[in-house]
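In: Kindly return the folded structure for what I paste below:
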Amino acid sequence: HGQRLVVVIPAYNTGPRVIRVLDTLPPIVDHALVVDDGSEAETRALLDALDGPRVEVLRHRENRGVGAALATGYARAL
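Out: Numbers count the residues shown, from 1 in each chain. All right, here's what the predicted structure looks like:
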């Protein structure tokens, strides 16, 4: 039916933990949306370095909270 499995991962100053989460996603996940919720430089740099068709990074200019990050991710997924 053309369905895809998309996960939304909120990230705020997570550093390398967000990379570890992405590395452990099972093959059944078609697409990962990482929402950078106004992170500082280290996390931004790690997310900027991501490359690949399975991961997309969305950004908030400033921290809006996990609820807003999830809402941004869900809106994009739909």
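In: can you pull out the helices in the chain?
Out: 17-23, 41-48, 66-77 (DSSP state H).
In: which residues does the spatially most central residue of the chain form a beta bridge with?
Out: Taking CA atoms, centre = their mean as the criterion, Val34 is the residue nearest the geometric centre of the chain, at 0.6 Å. Judged by DSSP bridges, the bridge partners of Val34 are Ile9, Val57.
In: So it sits against Thr14, correct?
Out: No: assessed by CB atoms under 8 Å, Val34 is found out of contact with Thr14, at 9.3 Å. Heads up, the C-betas are built off the backbone N, CA and C, glycines and all.
In: avg pLDDT for stretch 20-33?
Out: Here stretch 20-33 scores 96 as its mean pLDDT.
In: Next: stretch 37-57.
Out: 93.
In: hmm, back to that, what's near enough to touch the residue nearest to the centre of the chain?
Out: Ile9, Ala11, Val18, Leu22, Leu47, Leu50, Val55, Glu56, Val57, Leu58 (CB atoms under 8 Å, 6 or more residues apart in numbering).
In: Closest one of the residues you listed to Arg76?
Out: Leu58 (5.9 Å; CB to CB).
In: Please name the nearest non-neighbouring residue to that closest one.
Out: Distances taken as CB to CB, 6 or more residues apart in numbering place Val35 nearest to Leu58, at 4.8 Å, with adjacent residues excluded.
In: thinking that neighbour is in contact with Ala77, fair?
Out: No: contact criterion CB under 8 Å: Val35 and Ala77 do not qualify, at 10.6 Å.
In: For burial, what's the neighbour tally of the nearest residue to Gly65 once chain neighbours are set aside?
Out: Residue nearest to Gly65 in three dimensions, not counting chain neighbours: Asp37, with 7.2 Å by CB to CB, 6+ apart. Applying other CB atoms under 10 Å, we find 24 residues neighbouring Asp37.
In: now the one 10 residues further on
Out: As a burial measure, the neighbour count of Leu47 was computed by other CB under 10 Å and equals 21.
In: what does His31 give?
Out: 16.
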